[in-house]
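Asker: How does the following fold in three dimensions:
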Amino acid sequence: MIKINYILFLILISFTLQLDHCFQTSKICQKMIPPSDTPHGSIANCIDYETEHDENCKECAMGYAVSYEKNKCIPFPYCSSLLEGNKKCNECYPGYYFNGKECTKISIDNCISLNEDKCTECSVFSQLNGDGSECQLLEKSVEGCLYYDNDGNCEECDSLYTQSGSGSSFTCTFNDCPGDKFVEYCKYCHIGYYTDMRNGNCIPYKTANSNNSKRNKIGCAFLILMLSLLI
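Answerer: Model (predicted):
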């Protein structure tokens, strides 16, 4: 029985690791979740439009970038928006940089901005070392925190939370949604993943809108199962 429980535990852990990819989970009111249907507008592959100028595309589907004129979505992997002429990327996804031809992954783990092979900005819960060669991951997390200092201490809560304390004792308390349900969502995702605000999960860039992610989870669970049988 112990052996079976151990195997089931390992399988559960493998699925959790594959499904999570979060630095921090938080809560948000149900009414604030964007609708799952396509917003108003008729630009192909555009999933969000500007509020004041609803004819302009604000965000394109995975694998597409917003054109300089904001009137179409152009195939350009790992790029959010394009410069004038629509040949060069204006902003790559976090963890990627434009090498003059395409957006390519930054080799430094947890680095989101690069300048001449040196990291200039690390992802949340990461601290940049002196020479820009490494982002050291911090192991601190406060639910509902909006900003952190270089030591990983929370400095400010997001709008749905009330803050109290300071430094290592800083806390964020969730304000109940009046008459509305709240849902758990991932506030920050690992490099290579983004938060899908329709369901709160971290979605991988490469496997968005495909079955690869599901196959990877099953493969990981199967591998751990095989290893556990050998122990």
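Asker: Could you list the low-pLDDT ranges of the chain?
Answerer: The model of the chain has pLDDT under 70 over residues 1-20, 30-41, 139-141, 150, 179, 197-198, 206-231.
Asker: Distance check, the residue nearest to the spatial centre of it against residue 186.
Answerer: Nearest residue to the geometric centre of the chain (Cα atoms, centre = their mean): residue 194, 2.7 Å. For residue 194, the distance to residue 186 equals 9 Å [Cβ to Cβ, to the nearest Å]. No exception for glycine: its C-beta is placed from N, CA and C like everyone else's.
Asker: which residues do those two both contact?
Answerer: Common neighbours of residue 194 and residue 186 (criterion: Cβ atoms under 8 Å, 6 or more residues apart in numbering): residue 202.
Asker: sorry, back to before: what's the closest residue to the residue nearest to the centre of the chain other than its chain neighbours sitting at in phi/psi?
Answerer: Computed as Cβ to Cβ, 6 or more residues apart in numbering, the closest residue to residue 194 that is not its neighbour in sequence is residue 203, at 5.9 Å. Per-residue torsions, residue 203: phi -110, psi 130 (degrees, to the nearest 10).
Asker: Can you report how many residues neighbour residue 203?
Answerer: For residue 203, the neighbour count with other Cβ atoms under 10 Å is 19.
Asker: thought it was touching residue 190?
Answerer: No: taking Cβ atoms under 8 Å as the definition, residue 203 is not a contact partner of residue 190, at 11.2 Å.
Asker: and the residue nearest to the centre of the chain, what is it in contact with?
Answerer: Applying Cβ under 8 Å, 6+ apart to residue 194 gives the contacts 93, 202, 203, 205.
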